[in-house]
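[1] Give me the fold of what follows.
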Amino acid sequence: MQLGSGTWDLLPGLTYLGHAQKWAWGAQALFTVRLGRNDNDYRLGDAYRLSAWTQWEVTDWLGPSVRLDWHGWGNVRGADPELDPNRNPAFDATKQAGERLDFLVGLNIYVPRGPLKGSRFSVEGGVPLYQHILGPNLAVDWVFTAGLSYSFR
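    Model (predicted):
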């Protein structure tokens with residue numbers, strides 16, 4: 001199992017946030033640009049992610065949200081000579097790209113005061129509205145994320 005790309009990667013991004021009364025919204029663009037080739041003379045494809053969301057503040061501690069999240073990723077450039085696509089179609093570097101659009105619903109619970117002030121528990125789950133995957137790669141049926149964070153102020 002490979003834990004990284006084996007290359008130096010450029011990770012630019014841009015985020016917009018808005019807020020009015022009890023509503024918040026935002027959009028984000030994230031990119032992964034692969035630079036160079038790894039020790040096996042290939043590099044993973046570039047990746048792109050666009051996300052837009054809105055959240056309603058029900059109380060000062062509770063906020064449900066909805067989000068659209070699009071992912072796109074490119075083919076591998078080059079190939080590891082030890083991976084023969086004739087033995088396993090998943091090794092075909094020209095059939096690795098894809099894209100997916102997810103619809104997600106979330107719930108954010110904040111701690112506005114007390115000793116845990118600044119803590120946030122978030123859960124989010126959803127399903128793909130669209131996915132196009134080249135080659136024999138696995139599709140996604142559903143996604144779920146849970147997180148705990150703390151903001152220092």
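[2] Next, work out how far apart Val123 and Ala27 are.
    Val123 is 21 Å from Ala27, where distance means C-beta to C-beta, to the nearest Å. For the C-beta atoms, the positions are set from N, CA and C on the backbone; glycine is no exception.
[3] give me the element the residue nearest to Thr15 when sequence neighbours are not counted is part of.
    Of all residues not flanking Thr15 in the chain, Gln28 sits nearest, at 4.6 Å (C-beta to C-beta, 6 or more residues apart in numbering). Here Gln28 sits within strand 23-35, counting by DSSP states H and E.
[4] what's that strand packed up against?
    Under the contact criterion of 3 or more C-beta pairs under 8 Å, 6 or more residues apart in numbering; DSSP states H and E, strand 23-35 touches strand 8-10, strand 13-20, strand 47-56.
[5] hey, which of those is tucked in deepest?
    strand 47-56 (a mean of 16; mean count of other C-beta atoms under 10 Å).
[6] Asp60 contacts Pro112, correct?
    Yes: counting by C-beta atoms under 8 Å, Asp60 touches Pro112, with 4.8 Å between them.
[7] you'd agree Ala90 is in a helix?
    Yes: counting by DSSP: H, G, I helix; E, B strand; the rest coil, Ala90 is located in a helix.
[8] ok, the closest residue to it other than its chain neighbours - how many residues close by?
    Excluding the flanking residues, the one nearest Ala90 by C-beta to C-beta, 6+ apart is Pro136, at 5.3 Å. Pro136: 12 surrounding residues under other C-beta atoms under 10 Å.
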